[in-house]
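>>> Provided below are the primary sequence and the corresponding predicted coordinates.
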Amino acid sequence: MARRLPWLCLTAYLLACTFWWVRRQWWPEWDSAIYILLGRSLAAGGGYAYLGEPFFLRPPGFPWLLSGVLGDGGLDGLSLNRLVMVFAGLLVAAVYFALRFRHSRALSLGVALLGGTSAMVVARFNRVESDFPFAALLFLGIGLLERARARREDLAWGLAGAISIAAALHVRLVGVLLLPGLFGLALLRRGGASRARSLVPALVAAALAAPWLAYARWAAGLTPDPADQLLAFDYWTMLLRADPGDPGSPWLSIPEGIERVRRNSAGLFRLARATLGIESGWLGGLAVAFALLGFARSLRAPSLLEWFAGAYAALLLLWGAYIRLGLPLVHLFYLYLLLGVGDLAARLWRGRGRPELAGGLVAAGLAALNLASWREAGPPLWPEDLRSAKIEARWGVELEVAELIRAHTPPRAVILADNAPVLSLLTGRRVYTYRFGRRGNLMPRYRPDLIVVDVEEFSAPAFEEELRRSSRRRFKRSEELSRGRLAVYEARIPRRKRPAS
């Protein structure tokens, strides 16, 4: 029963994710819309393309998964959300599987469920994003490689782990961080035969990752820069250049890098507070200190978990500690926090003849954290949560305008808007954004038929001036299409032959 209970709990969590906590409504977001548009392009045989151009910023794994549930081109929110929620449930099982080879069943299960019910993870439920598939494949691969190590570098388990790591890398490029860790840990093995067997999974994972890395580099070389439709040109530019969208911008200087790390370190502390559901700054700092102590203790016998945790935390310090990007670290933060508390307790009671108190303290901490996690995450877990109502209130205007645009424009109409991917998904039209506009002169380049402006949040001064000049001669505000805070400008004189609707 002790062996079956964890898997019964994990199965119950997976079923709850798949059938109880799943929502019917698509959550409209920029990245989510781009993923779905890429999936549609793949499903329609148009290749891996966005706005008709090869897409190389993110790997194609997640859009490929989405392409299987997009059907005839409609937007089935339930199917999309269910796909993501299945991976949310599998993530918790994969975490347990990855931790079980080094830690007790109780600690592994507690950490897995603690992360799965944390407010930070639950806040990403029903978001059509790559975080859950990536993290699930990542921890599955680590667990498979741990099993291979425990069985003296069993080749079958090692190859399965390498395939899972490569699959994670094809969902999110940050998975490339695991490749140096795979090679480094393999080279640390004692004995030539053991080292050679452990190098095989590393070589296989690298070989499976190479085609995408080569394609992304080739496609980037053919694409004009700077990027004016995406925040980042590619991830190397985002990490190392002053402007994330311009490969020709100055290199990030050492003082600028230090300032970026200082600014992003505050984000990691916010991550700790969000994970634990506490507001106090000093308590968040104390939690980070205990987690660092537990991490240091784990380095006595390092594994791929420690490599990923350290490398990914360092990347967030340089890249940007956005709350969503920290999701793969949630379970590891809880793990190292509990190990740090247990290590300190063991040191304090080592000479008092009561070693079991340390384990009791960890168990009590685990129970307290789980209760706090359920309290923080409670409302979003239930059907009565208010998120859907808030979405409808915010996005009702967008849906109405999108419906009007579909009714009044031909399929080949071109639109300029701020939240371009979402509007493109809702209208089925080609929509370019003016949000970044690094190259300027968007009007003559894209020759839009319509321009959609959020007058309450219009924050693109250069384009605002361009629109003001063009409105005198070529564009007029359409009272038929404008609704609420969204003003729609249409061309005074059509400049392309429009097919009959």
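In hand now; what should we look at?

>>> where along the stretch 51-200 of the chain do the helices fall?
Assigned by DSSP state H, counting those that start in this stretch, the helices in the stretch 51-200 of the chain fall at 61-67, 77-99, 105-116, 119-122, 131-150, 155-171, 178-187, 192-222.

>>> deepest of those helices, which one?
Highest mean neighbour count among the helices of the stretch 51-200 of the chain (mean count of other C-beta atoms under 10 Å): helix 131-150, with a mean of 24. C-beta coordinates here come from the backbone N, C-alpha and C atoms, glycine included.

>>> for it, packing partners?
Contacts defined by 3 or more C-beta pairs under 8 Å, 6 or more residues apart in numbering; DSSP states H and E place helix 131-150 against helix 61-67, helix 77-99, helix 155-171, helix 178-187, helix 192-222, helix 304-319.

>>> Would you mind getting the angle between the last one and helix 178-187?
By that I understand helix 304-319. Angle of helix 304-319 versus helix 178-187, following axes from the mean of the first three to the mean of the last three C-alpha atoms, to 10 degrees, is 140 degrees.

>>> cool, and the longest one?
Counting by the same axes, to 10 degrees, helix 192-222 lies at 160 degrees to helix 178-187.

>>> Run the chain-centre distance for helix 192-222.
22 Å (C-alpha atoms, centre = their mean, to the nearest Å).

>>> tell me what it is packed against?
Looks like helix 192-222 contacts helix 131-150, helix 155-171, helix 178-187 (3+ C-beta pairs under 8 Å, 6+ apart).

>>> Export the ones you listed as a markdown table, with columns for distance to L442 and mean pLDDT.
A markdown table is the format used below for these (distance: least, C-beta to C-beta, whole Å; pLDDT from 0 to 100):
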| stretch | distance to L442 | mean pLDDT |
| --- | --- | --- |
| helix 131-150 | 32 | 93 |
| helix 155-171 | 32 | 93 |
| helix 178-187 | 39 | 89 |
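
>>> So for N81, which of these sits nearest?
Closest to N81 of these, according to C-beta to C-beta: helix 131-150, at 11.1 Å.

>>> Output that closest one as PDB - backbone C-alpha positions only.
Only the C-alpha atoms of helix 131-150 are listed here, as PDB (Å, rounded to 0.1, in the frame of the first residue of the first chain):
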ATOM      1  CA  ASP A 131       5.300  25.800 -19.500                       C
ATOM      2  CA  PHE A 132       3.600  22.600 -18.400                       C
ATOM      3  CA  PRO A 133       4.600  20.400 -21.400                       C
ATOM      4  CA  PHE A 134       8.200  21.600 -21.100                       C
ATOM      5  CA  ALA A 135       8.500  21.000 -17.300                       C
ATOM      6  CA  ALA A 136       6.700  17.600 -17.500                       C
ATOM      7  CA  LEU A 137       9.100  16.300 -20.200                       C
ATOM      8  CA  LEU A 138      12.100  17.800 -18.400                       C
ATOM      9  CA  PHE A 139      11.400  16.100 -15.100                       C
ATOM     10  CA  LEU A 140      10.500  12.800 -16.900                       C
ATOM     11  CA  GLY A 141      13.800  12.900 -18.600                       C
ATOM     12  CA  ILE A 142      15.700  13.600 -15.400                       C
ATOM     13  CA  GLY A 143      13.800  10.700 -13.700                       C
ATOM     14  CA  LEU A 144      14.700   8.300 -16.500                       C
ATOM     15  CA  LEU A 145      18.400   9.300 -16.400                       C
ATOM     16  CA  GLU A 146      18.400   8.900 -12.600                       C
ATOM     17  CA  ARG A 147      17.000   5.400 -13.000                       C
ATOM     18  CA  ALA A 148      19.700   4.700 -15.600                       C
ATOM     19  CA  ARG A 149      22.400   5.900 -13.200                       C
ATOM     20  CA  ALA A 150      20.900   3.700 -10.300                       C
END
